[in-house]
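Undergrad: Everything below, folded, please.
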Amino acid sequence: MDIQQSLQQLKKDLADKEVVLVAVTKTKPPRLIMQAYEEGCRDLGENRVQELIEKHEKLPKDIRWHMIGHLQRNKVKYIAPFIYLIHSVDSLSLLKTINKEGAKNRRPLPCLLQVRIAQEKTKFGLSEKELFEVLNADELRTMKYVKIRGLMGIAPNTNDKAQVKEAFVKLKILFEQIKQHYQLPHVVMEELSMGMSSDYKIAVEVGSTMIRLGSTIFGSRT
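TA: Predicted coordinates:
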């Protein structure tokens, strides 16, 4: 796969769209990641904390690292000093840990709340009810080192484009609803992270501001 060519084509396709491209580097070695970096990629996403730490140590320090996989509370401390955005916050208890580690590092940690828009048991995320329980929690108002910047969702694993679009539209509606009705200093709906290699075109059409692409850029994982 020609990484340079893939990125140039993506830039053309997204030229008139206000969307951030997060290159998902899962399982990819630094030499391939550097090809994307040299083509201008600065937003990189990882699913696993260990891999994220190793790559952060080896690669240029102006990279904006995104944690896009499920995050366990006991792993937050390892990424708190440098993480740019955590996409996968799925509980109030995780937010409490993020706030504690943000305080230790004296830096606010930007987060997205992950919403479960697919019914598959393998997918993490908050239900709509749980999402509003988190947003209405008294504890959230005291968290000085948490900055909620938006929502993230993963579409159903299906070839049915109508079903995928329906899931994305649902998330977009929630995003707009929170944007209009929640006036908290550290809850600012700026980013809607939805869309991966198989469905990013639908996500962008619906209103995604951030897409997470791996195989479209680097080819299939081995």
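Undergrad: C-alpha only now, for contacts and for neighbours.
TA: Fine.
Undergrad: Can you tell me which residue sits nearest the middle of the chain?
TA: Closest residue to the average C-alpha location of the chain: residue 87 at 3.3 Å, with CA atoms, centre = their mean.
Undergrad: Could you confirm it falls within a strand?
TA: Yes - according to DSSP: H, G, I helix; E, B strand; the rest coil, residue 87 belongs to a strand.
Undergrad: For residue 200, see how far away it is.
TA: Taking CA to CA, to the nearest Å as the measure, residue 87 falls 16 Å from residue 200.
Undergrad: What residues of the helix or strand encompassing residue 167 count as buried?
TA: Residue 167 is located in helix 161-181, with elements delineated by DSSP states H and E. Neighbour-count burial for helix 161-181, counted by 16 or more other CA atoms under 10 Å, picks out 164-169, 171-172, 174-175, 178.
Undergrad: same thing with stretch 20-37?
TA: Residues 21-26, 28, 30, 33, 35-37 are the ones in stretch 20-37 that count as buried (16+ other CA under 10 Å).
Undergrad: From those, which land in helices?
TA: Among the buried residues of stretch 20-37, the ones falling in helices (DSSP state H) are 30, 33, 35-37.
Undergrad: Now tabulate the residues you listed in CSV and tack on distance to residue 186.
TA: Formatted as CSV, these follow (distance: CA to CA, whole Å):
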residue, distance to residue 186
30, 35
33, 33
35, 36
36, 33
37, 31
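Undergrad: if we can go back for a sec, you'd agree the residue nearest to the centre of the chain is up against residue 113?
TA: Yes - the pair residue 87 / residue 113 is scored as a contact, 6.7 Å apart, by CA atoms under 8 Å.
Undergrad: Overlap of the contact sets of the two?
TA: The overlap between the contact sets of residue 87 and residue 113 (CA atoms under 8 Å, 6 or more residues apart in numbering) consists of 151-152.
Undergrad: OK, contacts around residue 203?
TA: Going by CA under 8 Å, 6+ apart, residue 203 touches 165, 168, 194-195, 211.
Undergrad: which SS state does it fall under?
TA: Classified using three-state DSSP, residue 203 is helix.
Undergrad: cool, and the one 5 residues further on?
TA: In terms of secondary structure, residue 208 is coil; the call rests on three-state DSSP.
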